[in-house]
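Chemist: Provided below are the primary sequence and the corresponding predicted coordinates.
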Amino acid sequence: MPSDDPGTLLRILGFAFTMVAGGNDTTTGLLGGAAELLTAHPGQRRALLDTPALLPSAIEEFLRLTSPVQCLARTVTEDTTLHGRTVPAGRKVLLLYGAANRDPRAFGPTAHHPDPTREGPQHLAFTHGPHHCLGASAARLVSRTALEELLARFPDFEVDAAAGTFADGNYVRRYASLPFAAART
């Protein structure tokens with residue numbers, strides 16, 4: 001039975017807004033970044049065209065490399081030591097997912113390059129633990145469908161990343177515009 005508590009209604013509306021708005025910006029960021037990576041790395045695109053079964057793992061690589069959500073702030077709840085440095089409880093920290101997802105200590109010397117066959121640690125594009133993105137499965141499904149169709153219909157597409165412009169904001173990294181060409185003639 002629905003609650004008449006206005007606080008409950010506000011939380012439900014807030015959740016719905018977060019899912020719609022957050023999912024739109026982040027999925028757009030992922031797809032634009034994937035198009036840029038597939039243009040810059042034609043060998044990876046060829047691998048996806050030749051072996052479509054690689055697409056799910058390629059999406060994980062695109063998420064890792066594009067990190068649509070660039071950062072979030074958190075408060076440390078207990079003293080935490082990482083890489084020989086202790087962050088005391090109560091300290092505010094900025095989690096930089098884009099940097100963490102390209103860390104060669106975690107992803108090896110080729111951390112800056114897409115590799116749909118990469119095995120290793122889980123990326124942090126959807127964060128981890130209790131803050132894991134509730135829409136992660138939906139974003140993966142939407143992205144897979146869009147990339148399957150893009151590759152099937154326009155296997156030789158190109159984007160001009162240098163002519164692209166990014167949307168304003170510090171939280172989500174996504175193109176506001178990205179010139180697209182179906183095929184080079």
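Modeler: Received the coordinates, thanks.
Chemist: wait, what's in contact with the residue nearest to residue 74 when sequence neighbours are not counted?
Modeler: Leaving out its chain neighbours, the residue that sits closest to residue 74 by C-beta to C-beta, 6 or more residues apart in numbering is residue 93, at 5.6 Å. To be clear about C-beta, it is placed using only N, CA and C from the backbone, and glycine gets the same treatment. Contacts of residue 93 were listed using C-beta atoms under 8 Å, 6 or more residues apart in numbering, and they are 73-76, 87.
Chemist: and if you look at residue 164?
Modeler: Contact analysis of residue 164 by C-beta under 8 Å, 6+ apart lists 32, 36, 175-179.
Chemist: do residue 70 as well
Modeler: Each residue near residue 70 by C-beta under 8 Å, 6+ apart is listed here: 96-98, 170-173.
Chemist: distance of it from residue 125?
Modeler: Using C-beta to C-beta, to the nearest Å, residue 70 is found at 10 Å from residue 125.
Chemist: swap in residue 54?
Modeler: Taken as C-beta to C-beta, the span from residue 54 to residue 125 is 18 Å.
Chemist: low pLDDT regions in this protein?
Modeler: Flagging of the chain using pLDDT under 70 yields the residue ranges 1-4, 21-22, 183-185.
Chemist: where exactly do the helices run in this structure?
Modeler: Assigned by DSSP state H, the chain shows helices spanning 6-17, 23-40, 42-50, 55-66, 97-100, 104-107, 136-153.
Chemist: quick one, what contacts the residue lying closest to residue 75 once chain neighbours are set aside?
Modeler: In space, and not counting its chain neighbours, residue 75 is closest to residue 92: 5.7 Å by C-beta to C-beta, 6+ apart. Residue 92 sits next to 73-76 when contact means C-beta under 8 Å, 6+ apart.
Chemist: among the residues you listed, which one sits closest to residue 118?
Modeler: residue 74 (27.0 Å; C-beta to C-beta).
Chemist: count of residues packed around the closest one?
Modeler: Residue 74 is flanked by 12 other residues according to other C-beta atoms under 10 Å.
Chemist: contacting residues for it?
Modeler: So residue 74 contacts 92-93, 95, 131 (C-beta under 8 Å, 6+ apart).
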